[in-house]
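*Asks:* Sequence first, then the predicted structure, then my questions.
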Amino acid sequence: GMIYVLASFIFFKGIFSQHMRLVAISLIVVFIYGSLIWYIFPIKDGISWEGHLGGFLSGLFLAVIMRSHAPDKRKYAWENEDYNEEDDPFLRHFDEEGNFIEDPDGLTQKEDTSTRIIYHFKKKDDTPPTD
């Protein structure tokens, strides 16, 4: 019965709050757990359809009690009226045809990453060591 509570709560909560992602999640659960709808009704002996129906109705009841509207849609910077594409550092990386430009402002400087090794040679002493 608990699966029915959760599935119906998520479905109806998505419907009431107009949040379609919740509806999609609940429909995916119904699709994966294929017999979710059919076992609400008396189909087989020995399966408590009353418990399944009670769980489904409990989820609906909880969704009605906890009904709220979806939060306001987030407004991105490019949706503002005073938005200027030339000021956007990301969009400057693309030309008019949409091709990517590696360094649009020419600010990237390449460093010499090669390793420099300096050898100091000692002159060989021809004298044998003394003990």
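*Replies:* Yes, it's here. Numbers count the residues shown, from 1 in each chain.

*Asks:* Strands of this structure, start to end?
*Replies:* Assigned by DSSP state E, the chain shows no strands.

*Asks:* Sketch out the low-pLDDT regions of it for me.
*Replies:* Residue ranges of the chain with pLDDT under 70: 69-71, 104-109, 126-127, 129, 131.

*Asks:* what residue is smack in the middle of it?
*Replies:* In the chain, the centroid-proximal residue (Cα atoms, centre = their mean) is residue 21; its distance is 12.5 Å.

*Asks:* quick one: contacts for that one?
*Replies:* Listed by Cβ atoms under 8 Å, 6 or more residues apart in numbering, the contact partners of residue 21 are residue 14. For every residue, glycine as well, the C-beta is placed using N, CA and C.

*Asks:* For residue 67, see how far away it is.
*Replies:* Per Cβ to Cβ, to the nearest Å, residue 21 is found 17 Å from residue 67.

*Asks:* same question, residue 14
*Replies:* Residue 14 is 11 Å from residue 67, by Cβ to Cβ.

*Asks:* who's more crowded, the two?
*Replies:* A count of neighbours by other Cβ atoms under 10 Å puts residue 14 above the other of residue 14 and residue 67, at 20 against 12.

*Asks:* Now the more buried one. Nearest residue, chain neighbours left out?
*Replies:* In space, and not counting its chain neighbours, residue 14 is closest to residue 22: 2.9 Å by Cβ to Cβ, 6 or more residues apart in numbering.

*Asks:* which residues sit in contact with the one you found?
*Replies:* Residue 22 touches 10-11, 13-14, counting by Cβ under 8 Å, 6+ apart.
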